[in-house]
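>>> everything below, folded, please.
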Amino acid sequence: MVVVDSTPEFVANAYTIMRRNLEIVRPRLGRPMGLADKLVLSHLDDPENQELEPGKSYLLARPDRVILQDVLGQTAMLVFMQTRRSSTAVPTSVHCDHLIQARVGADSDLSESVAENGEVYDFLRSAAAKFGVGFWGPGAGILHQVNLEQYAFPGAMIIGTDSHTPNAGGLGACSVGVGGADAVEVMAGLPWEVLYPNRIGVKLTGRMSGWTAPKDIILYLAGELTVSGATNSIIEYFGPGTETISCTGKATITNMGAELGATTSVFPYDESMARYLRSTRRGELAELADQNREMFRADQEVLDHPERHFDRVVEINLSKLEPHMVGPHSPDLARPISELASQVKDPANGFIDEISTALIGSCTNSSYEDMSRSADVAEQAKALGISIATSLMVTPGSEQVRATIERDGQLDSL
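Residues are numbered from 1 along each chain as shown. As a prediction, the model looks like this:
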């Protein structure tokens, strides 16, 4: 039976296969390789014969892992049962998060979901046990946060039945959202077919300051590229600014690449990822990644001359980046928050001049870092006697995050 966890032995074997495939592909490719190239081509099913033309060739790849959510996961498990396999061909996990609706509060919302969807949860639990699939029940956390904490590792290729699966790109993984049929085929031992993506390079320089946060990077980029500007492309971040962003901050950025139509988004491996692995009790994986770090970074020739390698290059000076906001109606309607007031006051825009509700959370902003920043703001507001004038929901991304902010006191502040 396949091992569900990303054990050191599993990861070491994955790195051996990746290295072997890259040794075959590199001379065939005949050019320097970016990070996106390395992550995709190191997982080819047939590296000796696969056509390798970005934007045109359809690749057959061998992902390291499949992650399922509880809506599409139902159909995926039902179809997989028809294959008559005794276990999945690759490590797979199912996460009960989509069927829980935030209405009142954690306890009541969770109880209501269990009452309404008990049969679904029971089916997924029993099917997971039968086929060696990891099961994360209702209340365990959001699929992408749990994957980042438990399963993802630098260099991994992961497919998941949700558009925000690229969240794991913040840990240096090639993580792609797919449909249920693609997931089942990989679970059954077949290769995954994907168009060899084009490459968009985003060079980050400087360092964020003040209220600017990682999310502002992707909100700014949404305004630059639009909701379809990265379709059939991988967004590859590079430059000295990448090393100033935390691992979970990187995950926020790669998560929202889906709003730009990107196949996925990736960051090069660095010390922030190693720290995250160690802080989530995966120090051995950090050591393995350190030993193989050249596979998780673009070739120097690409970094020296990005305009020769990428189909498009966008440069963002983080030192000059302001806090941003997008919408309404479209995630590419972006502007600095400093311009929001004048836009709201302009009757031609038809914007509503009041905030109806606020949310700190979702799979994009529910990490320990997000909760800590929010708790700090809450403490400052409390000290100044400022009360909340609208409804506010706070959703930690996983039980691990919730327990940690309870231990460290941020939960009381929020």
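>>> quick check: closest non-adjacent residue to Ser372.
Nearest residue to Ser372 in three dimensions, chain neighbours excluded: Gln410, at 5.7 Å (C-beta to C-beta, 6 or more residues apart in numbering). (C-beta placed from N, C-alpha, C; glycine too.)
>>> okay, now that neighbour: neighbour count?
Using other C-beta atoms under 10 Å, Gln410 has 23 other residues around it.
>>> just to check, it is in contact with Ala375?
Yes - using C-beta atoms under 8 Å, Gln410 is in contact with Ala375, at 3.6 Å.
>>> residues in contact with the residue nearest to Ser372?
Met371, Ser372, Ser374, Ala375 (C-beta atoms under 8 Å, 6 or more residues apart in numbering).
>>> moving C-terminal of the helix or strand that contains the last one, what's the next helix or strand?
In other words, Ala375. Under the criterion of DSSP states H and E, Ala375 resides in helix 368-383. Sequence order places strand 391-394 as the next helix or strand after helix 368-383, per DSSP H and E.
>>> just checking, what packs against that next one?
Identification of packing neighbours for strand 391-394 by 3 or more C-beta pairs under 8 Å, 6 or more residues apart in numbering; DSSP states H and E yields strand 357-360.
>>> partner strands of the strand it packs on and their direction?
strand 391-394 (parallel) (DSSP bridges).
>>> and the pLDDT at Met1?
As predicted, Met1 sits at a pLDDT of 60.
>>> quick revisit: distance of the residue nearest to Ser372 relative to Thr92?
According to C-beta to C-beta, to the nearest Å, Gln410 and Thr92 sit 33 Å apart.
>>> same thing with Asn49?
The value you get for Asn49 to Thr92, if C-beta to C-beta is used, is 28 Å.
>>> and if you look at Leu411?
32 Å.
>>> compare the two (neighbour count), which wins?
Thr92 (25 against 16).
>>> any idea how far that one lies from Pro54?
From Thr92 to Pro54 the distance is 29 Å (C-beta to C-beta).
>>> residue nearest the centroid of the protein?
Asn167 (0.3 Å; C-alpha atoms, centre = their mean).
>>> per-residue confidence for that one?
Confidence score, pLDDT, at Asn167: 96.
>>> ditto for Val94
98.
>>> checking it next. Helix, strand or coil?
strand (DSSP: H, G, I helix; E, B strand; the rest coil).
>>> contacts only, for it.
By C-beta under 8 Å, 6+ apart, the contact set of Val94 is Ile67, Leu68, Gln69, Asp70, Gly73, Met77, Leu124, Ala128, Val133, Gly134, Phe135, Trp136.
>>> bridging residues for the third one?
Yep, that's Gln69 we're talking about. Under the criterion used (DSSP bridges), Gln69 bridges to His95.
>>> what distance do you get for the residue lying closest to Asp299 once chain neighbours are set aside to Pro268?
Nearest residue to Asp299 in three dimensions, chain neighbours excluded: Pro32, at 4.1 Å (C-beta to C-beta, 6+ apart). Between Pro32 and Pro268 the distance is 14 Å, computed by C-beta to C-beta.
>>> look at those two and report which has more neighbours.
Pro268 (22 against 17).
>>> in three-state terms, label the more buried one for me.
Judged by three-state DSSP, the three-state class of Pro268 is coil.
>>> done for today, thanks.
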